[in-house]
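Colleague: Just the structure for this:
(2 chains)
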Number of protein chains: 2
Amino acid sequence: MSRKIPVLEIFGPTVQGEGIVAGQKTMFVRTGGCDYRCSWCDSAFTWDGSQKPTPMAASEIMMELEEKGGNRFSHVTISGGNPALHAGIADLLELFRDKGIESAVETQGSFWQDWLLAVDDVTISPKPPSSQMNTDWSRLDTFMTRLSERQKGNHSLKIVIFNEEDITYAKQVHNRYPGVPFYLQVGNDDLENPDPAHLRDQLLEKYEWLVERIMEDEQLNHVRVLPQIHALLWGNKQGV
Amino acid sequence: MSRKIPVLEIFGPTVQGEGIVAGQKTMFVRTGGCDYRCSWCDSAFTWDGSQKPTPMAASEIMMELEEKGGNRFSHVTISGGNPALHAGIADLLELFRDKGIESAVETQGSFWQDWLLAVDDVTISPKPPSSQMNTDWSRLDTFMTRLSERQKGNHSLKIVIFNEEDITYAKQVHNRYPGVPFYLQVGNDDLENPDPAHLRDQLLEKYEWLVERIMEDEQLNHVRVLPQIHALLWGNKQGV
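Modeller: Numbers count the residues shown, from 1 in each chain, chains lettered A, B, ... in the order given. Below you'll find the model as predicted:
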């Protein structure tokens, strides 16, 4: 039980800004380290060396969650980086189970961990061409198969879209895993913008483009198109 | 099969702006007539006499959906007014079933129709004190019980919040139906504002208030707090 997890931030309660649990009141645990280097990553501080993660035991993370969230939460989102790099999250999920806390995890689907079977909502976010990453389809297939075999819990796909090429990629993913709830999210390519009001207008303009683009496309009917809610509210600020 | 449905608008495909299906690509059928007169109703034209509904058979509605949506949809939202006033929607749902179209309905839970059993996603939106309506709890209990007994399909609660009194009401609803997915949505009290950019800033300011208010509240943990996505995009415009 001494498997430490590298943690970059613990914050909340706040709203989940993305995907199938959008709007959910949740605490966030953000882990450090990623096997990807997405060109537009909005949490590059988790892997570019600019911020140093703290190795923490599950019990220490739980303590900090309770310190910050008090009795004001019943849901925790584990994000990264890629949290699926860290075996120790199994211990954290056990603590959640004991306390009746629901969990959500976001990962790109490149590494499997058996603890994913115990997560209430798994969001798999394969990265489109604009990220400059390559999808290992056979790894992703294995990942998706294991999730679809589990007895309880939900999983959904989420693709961040910057351009037309990304939409082609999204269709490929949607066709490959047709029964899985499918989310498209507009990308934020202005990560340095310090002005939330200005960023908000830009993001909504892009969101409107994506909505219109998807609405006219016969191959993308059973999809949901969402903005990043937290970015609309708080811009590029970290820790909200 | 001659039960006509009073229709005020048919439009789409567009995004569902609210609740558990937020972001979903969908067509809208908006029916006329309501047993309520909410002070802040954003679709008052469905009941205040300012627009006249067209009585349509289910087959005529289906034809118009296909005319407008082509092959670009697989989901239809039936909203109002209160669509549960109209028995003829049963016929429309049969057509949807034959064509493999998913359906969502939004209603305040004041009238039951057996066709609700055939709807994929039912959103029940009891109206808080700011609406100046009174909730008939025994009717709502019956409504919720019948939905919870059905074999398939989802249902969720959504409360529009304008003030502190509305939050107290929301807690009452949440406690009364604890297992039901529970959504809080910020209200729009500036329905005359013609400027989407100005309205957007106002709505996000109110949304931020609601988020902060709910985050500090120990009695509202298992909730989702959402803005109205379509209002952020298109303001008070009808038919989008």
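Colleague: Could you report the pLDDT at the residue nearest the centre of chain A?
Modeller: With distances taken as Cα atoms, centre = their mean, chain A has A:Glu106 as the residue nearest its mean C-alpha position (3.4 Å). In this model, A:Glu106 is scored at 96, pLDDT.
Colleague: where in chain A is pLDDT low?
Modeller: A:1-2 (pLDDT under 70).
Colleague: and with 50 instead?
Modeller: Where chain A drops to pLDDT under 50, the residues are A:1.
Colleague: what comes up buried for the longest helix that it contains?
Modeller: With residue count as the measure and DSSP state H as the assignment, chain A has helix A:196-215 as its longest helix. Using 16 or more other Cβ atoms under 10 Å in any protein chain shown as the burial criterion, the residues of helix A:196-215 that qualify are A:196, A:199-200, A:203-204, A:206-208, A:210-211, A:214-215. Glycine gets a C-beta too; all of them are placed from N, C-alpha and C.
Colleague: Keep only those of those residues that are also close to chain B.
Modeller: Checked against chain B using Cβ under 8 Å from any Cβ of the partner chain, the buried residues of helix A:196-215 give the following subset in range: A:200, A:204, A:207-208, A:211, A:214-215.
Colleague: quick one: the residue nearest to the centre of chain A is in a helix?
Modeller: No. With DSSP: H, G, I helix; E, B strand; the rest coil as the criterion, A:Glu106 is assigned strand and is not in a helix.
Colleague: from the middle of its chain, how far away would stretch A:106-120 be?
Modeller: 11 Å (Cα atoms, centre = their mean, to the nearest Å).
Colleague: quick one: is it near chain B?
Modeller: No. For stretch A:106-120 and chain B, the contact criterion (Cβ under 8 Å from any Cβ) is not met; the two come no nearer than 11.6 Å.
Colleague: tell me which element A:Gly12 is part of?
Modeller: Of the helices and strands defined by DSSP states H and E, A:Gly12 is found in strand A:5-15.
Colleague: In its sheet, which strands sit next to that strand, and in what direction?
Modeller: In the sheet containing strand A:5-15, its partner strands are strand A:25-31 (antiparallel), strand A:54-56 (antiparallel), by DSSP bridges.
Colleague: what's the distance between the shortest one and the middle of its chain?
Modeller: This points to strand A:54-56. Centroid separation for strand A:54-56 versus its chain: 21 Å, with Cα atoms, centre = their mean.
Colleague: picking up where we left off before, quick one: residues contacting the residue nearest to the centre of chain A.
Modeller: Contacts for A:Glu106 were tallied using Cβ atoms under 8 Å, 6 or more residues apart in numbering or on different chains; they are A:18-19, A:77-80, A:83, A:122-123, A:125, A:158.
Colleague: same thing with A:Pro196?
Modeller: A:233-237.
Colleague: Which among those count as buried?
Modeller: Buried members of the contacts of A:Pro196, scored by 16+ other Cβ under 10 Å, are A:233-236.
Colleague: Show only the entries of the residues you listed found in helices.
Modeller: In helices, defined here by DSSP H, the members of the buried ones among the contacts of A:Pro196 are A:233-234.
Colleague: Nearest to B:Ile89, out of the buried ones among the contacts of A:Pro196: which one, please.
Modeller: A:Leu233 (36.8 Å; Cβ to Cβ).
Colleague: if I read this right, A:Val119 contacts A:Leu92, doesn't it?
Modeller: No. In this structure A:Val119 lies outside contact range of A:Leu92 using Cβ atoms under 8 Å: 10.5 Å.
Colleague: Now do the shared contacts for the two.
Modeller: Between them, A:Val119 and A:Leu92 have A:Ile78 as joint contacts when contacts are counted by Cβ under 8 Å, 6+ apart.
Colleague: So between these two, which is more surrounded?
Modeller: In this comparison of A:Val119 against A:Leu92, neighbours counted by other Cβ atoms under 10 Å in any protein chain shown, the higher total goes to A:Leu92 at 27 against 24.
Colleague: Tell me who's in contact with the more buried one.
Modeller: So A:Leu92 contacts A:5, A:29, A:58, A:61-62, A:78 (Cβ under 8 Å, 6+ apart).
Colleague: if we go to 7 Å?
Modeller: Residues in contact with A:Leu92 (Cβ atoms under 7 Å, 6 or more residues apart in numbering or on different chains) are A:5, A:58, A:61-62.
Colleague: And stretch A:105-113, what's buried?
Modeller: Of the residues in stretch A:105-113, A:105-110, A:112-113 count as buried by neighbour count, 16+ other Cβ under 10 Å.
Colleague: just stretch A:162-172 next, same as before
Modeller: Buried residues in stretch A:162-172, counted by 16+ other Cβ under 10 Å: A:162, A:166-167, A:169-170.
Colleague: try stretch A:131-144
Modeller: Neighbour counts over stretch A:131-144 (16+ other Cβ under 10 Å) mark A:131, A:133, A:135, A:140, A:143-144 as buried.
Colleague: Give me the residues contacting that stretch.
Modeller: Judged by Cβ under 7 Å, 6+ apart, the contacts made with stretch A:131-144 from elsewhere in the structure are A:36, A:38-40, A:109-110, A:112, A:124, A:126-127, A:177.
Colleague: Could you pick out the buried ones from those residues?
Modeller: Listed as buried from the contacts of stretch A:131-144 are A:36, A:38, A:40, A:109-110, A:112, A:124, A:126-127, A:177; burial here means 16+ other Cβ under 10 Å.
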